[in-house]
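Asks: Starting from these lines, generate the structure:
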Amino acid sequence: MRIVTTHKGTDFDGLASLIAATMIYPDAVPVLPKSINANVRAFVAIHKDLFTILHPREIDFDEVTQLIVVDTNSWNRLEGMDALKGRDDVTIHIWDHHEGGDIEADRVINDGLGSTVTHLVLELEARRLILTPMLATLFLMGIYEDTGYLSYPSTRAEDARAVAWLLDRKADLSILGGFLRQAYGEKQKSVLFEMMKHPVRRKVNGYTLSFASVPIVGHVANLSVVVKMFLDLENSDGAFGVFFDESRGRCMIIGRGKAETLDMGKLMRNLGGGGHPGAASAQLKSDAHGPQEVFDTICTLVENDQVASAQLSDIMSFPVVSVETTVSMETLGVLLKEKGCTGVPVTDQGRVVGVISQRDFKKLRKETQLQSPVKAYMTPSVVEIDADKSPMEAARLMIKHDIGRVPVVVDGEMIGIVTRTDVMRYYYDLIPD
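Replies: Residues are numbered from 1 along each chain as shown. Next up, the predicted model:
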């Protein structure tokens, strides 16, 4: 028996991936967690006659020979699947687009696309399978939800191609808004009101973080929307809602961020959860984690740089090609041609004192000036940056000073150099992970 399942708190990407996987594994049974988002529940309620979906309690796990997991790679995000952990007689396939995870699988399909269902849609296209307009619409909702209608930075060209294919299969744009619009009603207003009563603000490692803890009873839909509003009202770099349900012994942590170097997904993976750089969540046992302990744990992770995005030391070039102040402009020209670079730092006894580039050759008026030292034509005011800074901070310096390269230093000593090309390659995902 094959089964397909997805994460608790199922969103449209999870549901769409679940259904799409049953087309790729035609004899697999879709198993949907009991905990699903309110808008997904509404969609399933309307379309339930079109799907044969089981819940974990309806599965005889002794008969399961293959587990297909979609939109997650973590055991603790699955519902009722513990009986399959460590089973040598069960093969596992994973289709996901998140980083990290602890499920040891026989096959993993994860190219880091904007949504998981994009992987599956492209596979359906490659197999030339036929979609009904309803299925095309569901799959489109999965892509749009996780890519913000193709507007999130995580969106890839493959997501757009999948959208085009689905639209060609008569995906209905007119019904998307009703299901993708997240509800904000009286329950959500009440939770936000409680969060704003006594928010905790802390300055940690240069970030302003806001925290709020609210007890809840039972299921409250769309808490992520509440935390996003909390972030906006607090105007912090990152905001965290900690929601305790004492009756169930659970603690849900939802984080939202807007600082470019604060990776919420990485932070929540340290807590056993997951997500994206700007939005992530984790679930803990409430009897072992109080609000203060959760706040302190998050602050410790941030303080120890366990949530930072890429640093310049990850993308810089080294060792650095440089020239001493006494080198002639003619020798510099030969060096730039040999090394294929457009500029280099200028050093004096190992210390950076300037930068010189191909543009500086325009300052030469006579051929005899080629014998002049680079010191006479270099830009003497050196803009440096520490190795622990982010690519975005380097980009800001380049824009501000109209320069194409910045020496990377540690304690004043140059250890590398980052160029405009390095930064652009990083932000446009043109370098390997």
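Asks: and Ala171, how many residues sit next to it?
Replies: When neighbours are defined as other C-beta atoms under 10 Å, Ala171 has 23 of them. Every residue, glycine included, has its C-beta placed from N, CA and C.
Asks: Pull the contacting residues for it.
Replies: Taking C-beta atoms under 8 Å, 6 or more residues apart in numbering as the definition of contact, the neighbours of Ala171 are 133, 136-137, 139-140.
Asks: try it again with 6 Å
Replies: The neighbourhood of Ala171, defined by C-beta atoms under 6 Å, 6 or more residues apart in numbering, consists of 136-137, 140.
Asks: And Thr325, by the same measure?
Replies: When the contact criterion is C-beta under 6 Å, 6+ apart, the partners of Thr325 are 346, 348, 375.
Asks: Narrow these to those in helices?
Replies: Using DSSP state H to define helices, no part of those is located there.
Asks: Which one (most neighbours) among the residues you listed?
Replies: Counting neighbours by other C-beta under 10 Å, Val346 comes out on top of those with 26 neighbours.
Asks: Hmm, it is touching Ala376, no?
Replies: No - under the contact definition of C-beta atoms under 6 Å, Val346 does not touch Ala376, with a separation of 10.8 Å.
Asks: overlap in contacts of those two?
Replies: Taking C-beta under 6 Å, 6+ apart as the criterion, Val346 and Ala376 do not both touch any residue.
Asks: re the thing from before, could I get the contacts of Ala171 as CSV with secondary structure?
Replies: Supplementary listing: those in CSV, determined by DSSP: H, G, I helix; E, B strand; the rest coil:
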residue, secondary structure
Ala136, helix
Thr137, helix
Leu140, helix
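Asks: Next, format those as JSON lines and append neighbour count.
Replies: Below are the contacts of Ala171 laid out as JSON lines (neighbours: other C-beta atoms under 10 Å):
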{"residue": "Ala136", "neighbour count": "20"}
{"residue": "Thr137", "neighbour count": "25"}
{"residue": "Leu140", "neighbour count": "26"}
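Asks: which of these lies closest to Phe179?
Replies: Using C-beta to C-beta, Thr137 is the member of the contacts of Ala171 that sits closest to Phe179, with 9.1 Å.
Asks: Pull the contacting residues for the closest one.
Replies: Contacts here follow C-beta under 6 Å, 6+ apart; on that basis Thr137 touches 171-172.
Asks: rerun that using 10 Å as the cut-off
Replies: 16, 43, 47, 131, 166-167, 169-176, 179 (C-beta atoms under 10 Å, 6 or more residues apart in numbering).
Asks: Filter those down to the buried ones.
Replies: By the neighbour-count criterion of 16 or more other C-beta atoms under 10 Å, the contacts of Thr137 include these buried positions: 16, 43, 131, 166, 169, 171, 176, 179.
Asks: Can you check the pLDDT for the second one?
Replies: Right, the one you point to is Phe43. Looking at Phe43, its pLDDT reads 84.
Asks: Can you list which of the buried ones among the contacts of Thr137 are found in helices?
Replies: 16, 43, 166, 176, 179.
Asks: From Val220, how far out is the second one?
Replies: Remark: distance between Phe43 and Val220 (C-beta to C-beta, to the nearest Å) = 19 Å.
Asks: Next: the fourth one.
Replies: As defined by C-beta to C-beta, Leu176 lies at a distance of 24 Å from Val220.
Asks: Ok, the third one next?
Replies: Between Leu166 and Val220 the distance, using C-beta to C-beta, works out to 32 Å.
Asks: One more: the last one?
Replies: Phe179 is 19 Å from Val220, where distance means C-beta to C-beta.
Asks: now the first one
Replies: According to C-beta to C-beta, Ala16 and Val220 sit 24 Å apart.
Asks: can you give me the helices for the stretch 301-433 of the chain?
Replies: Counting by DSSP state H, counting those that start in this stretch, one finds helices in the stretch 301-433 of the chain at the ranges 312-315, 329-339, 391-401, 420-427.
Asks: Go through those helices and name the closest to Lys366.
Replies: helix 329-339 (11.3 Å).
Asks: buried set for that closest one?
Replies: Counting neighbours by 16+ other C-beta under 10 Å, the buried set in helix 329-339 is 329, 332, 336.
Asks: Let me have those in a markdown table, extended by distance to Asp237.
Replies: Conversion of the buried residues of helix 329-339 to a markdown table gives the following (distance: C-beta to C-beta, whole Å):
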| residue | distance to Asp237 |
| --- | --- |
| Met329 | 46 |
| Leu332 | 43 |
| Leu336 | 41 |
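Asks: dump the residue contacts of Ser151.
Replies: 114, 144.
Asks: mind checking which helix or strand it is in?
Replies: When elements are assigned from DSSP states H and E, Ser151 belongs to no helix and no strand.
Asks: What about Glu293, how many residues nearby?
Replies: 13.
Asks: how about Ile403, phi and psi?
Replies: Its backbone dihedrals place Ile403 at phi -130, psi 160, with angles given as degrees, to the nearest 10.
Asks: I'd say it and Ala395 touch.
Replies: No - the criterion here is C-beta atoms under 10 Å, and Ile403 misses it with Ala395 at 11.1 Å.
Asks: list the residues that contact both of those two?
Replies: With contacts defined as C-beta under 10 Å, 6+ apart, the residues adjacent to both Ile403 and Ala395 are Arg420.
Asks: In CSV, list the contacts of Ala171 along with distance to Phe51 and pLDDT.
Replies: Listed next are the contacts of Ala171 as CSV, based on distance: C-beta to C-beta, whole Å; pLDDT from 0 to 100:
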residue, distance to Phe51, pLDDT
Ala136, 15, 93
Thr137, 14, 92
Leu140, 17, 96
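Asks: Closest to Asp71 out of those?
Replies: Within the contacts of Ala171, proximity to Asp71 (C-beta to C-beta) peaks at Leu140, which comes in at 15.8 Å.
Asks: if I pick that closest one, what's in contact with it?
Replies: 12, 16, 117, 121, 162-163, 165-167, 169, 171-173, 175-176, 180.
Asks: So what's the gap between the helix or strand containing Asp232 and the chain middle?
Replies: Asp232 is located in helix 223-234, with elements delineated by DSSP H and E. Centroid displacement of helix 223-234 relative to its chain, using C-alpha atoms, centre = their mean, to the nearest Å, is 19 Å.
Asks: need the strands for the stretch 1-150 of the chain, in chain order.
Replies: Per DSSP state E, counting those that start in this stretch, the stretch 1-150 of the chain has strands spanning 2-5, 28-31, 66-70, 91-95, 107-109. These are given in chain order.
Asks: and those, which is most packed in?
Replies: Ranked by average neighbour count under the criterion mean count of other C-beta atoms under 10 Å, these are headed by strand 66-70 at a mean of 26.
Asks: Relative to that strand, what are the paired strands and their orientations?
Replies: Partner strands for strand 66-70, per DSSP bridges, with pairing direction: strand 2-5 (parallel), strand 91-95 (parallel).
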